[in-house]
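**Q** Here is a sequence with its predicted model. Questions after.
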Amino acid sequence: MIALILLVVLVLVVLWVIGAYNALIGLKNMVVNAWKQIDVQLKRRHDLIPNLVNSVKGAMDFERSTLEAVISARTRAVSATGVQQTARAEGELSQALGRLFALTEAYPDLKATGNVAQLQEELTSTENKIGFARQHYNDVATQYNTKQATFPTLLMAGLAKAAPAELWEITDDTERATPTVKLS
């Protein structure tokens with residue numbers, strides 16, 4: 001009778017170990033997948049930027065510093081690695097694009113150009129997709145981090161080679177600032 005009870009307890013422990021291990025591996029893979037989804041959207045964004053810069057380059061010759069800032073920020077964003085470095089570089093790129101979009105408003109010829117308007121619309125759509133992908137990544141990473149840090153699953157974290165996933169955070173104070181809108 002005692003042997004049967006021990007066997008049942010052993011089977012339950014083994015089943016729990018397998019379940020906890022598989023849950024951690026599944027969440028780890030979801031974090032990797034969520035990061036890849038951000039990467040896909042960032043690649044689309046990075047691919048659209050040279051087209052936009054080339055479309056406005058001729059009309060904005062004396063705004064060369066703004067165009068160079070966009071190109072430079074794009075280069076840093078493309079070469080960024082890791083969550084924090086990518087978040088910082090993408091924040092700088094967003095700011096440079098914001099300045100470019102603001103300047104294009106001052107050029108009626110550019111505003112009337114369908115190509116520039118279409119590229120701006122595609123970038124805006126891509127920005128929205130990036131925002132949703134970031135949110136999904138942070139949700140999955142938080143779920144993964146919580147799972148590996150809570151008892152009794154934390155007992156399996158080492159076996160599953162689980163390490164906390166970095167969250168996508170805003171680290172630049174200027175990106176955190178509330179934009180000023182002037183209607184005059």
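**A** It's in.
**Q** from the chain's centre, how far out does stretch 26-37 sit?
**A** How far stretch 26-37 lies from its chain's middle: 12 Å, per CA atoms, centre = their mean, to the nearest Å.
**Q** Counting by contacts, list what the helix or strand harbouring Gly26 packs against.
**A** Using DSSP states H and E, Gly26 maps to helix 2-57. Applying 3 or more CB pairs under 8 Å, 6 or more residues apart in numbering; DSSP states H and E, one finds that helix 2-57 contacts helix 64-79, helix 83-104, helix 114-149, helix 154-157. Every residue, glycine included, has its C-beta placed from N, CA and C.
**Q** Now with 6 Å, please.
**A** Counting contacts by 3 or more CB pairs under 6 Å, 6 or more residues apart in numbering; DSSP states H and E, helix 2-57 packs against helix 64-79, helix 114-149.
**Q** nearest to Asp39, of those?
**A** Nearest to Asp39 among the helices and strands packed on helix 2-57 is helix 114-149 (8.8 Å), distances taken as CB to CB.
**Q** circling back to that earlier point, the helix holding Gly26 to helix 114-149, inter-axis angle?
**A** Note on geometry: by axes from the mean of the first three to the mean of the last three CA atoms, to 10 degrees, helix 2-57 and helix 114-149 are set 160 degrees apart in direction.
**Q** Now helix 2-57: average pLDDT?
**A** Averaging pLDDT along helix 2-57 gives 94.
**Q** Check what pLDDT Val116 gets.
**A** 81.
**Q** hang on, it packs against Val53?
**A** No: applying CB atoms under 6 Å as the test, Val116 and Val53 come out as separate, 10.5 Å apart.
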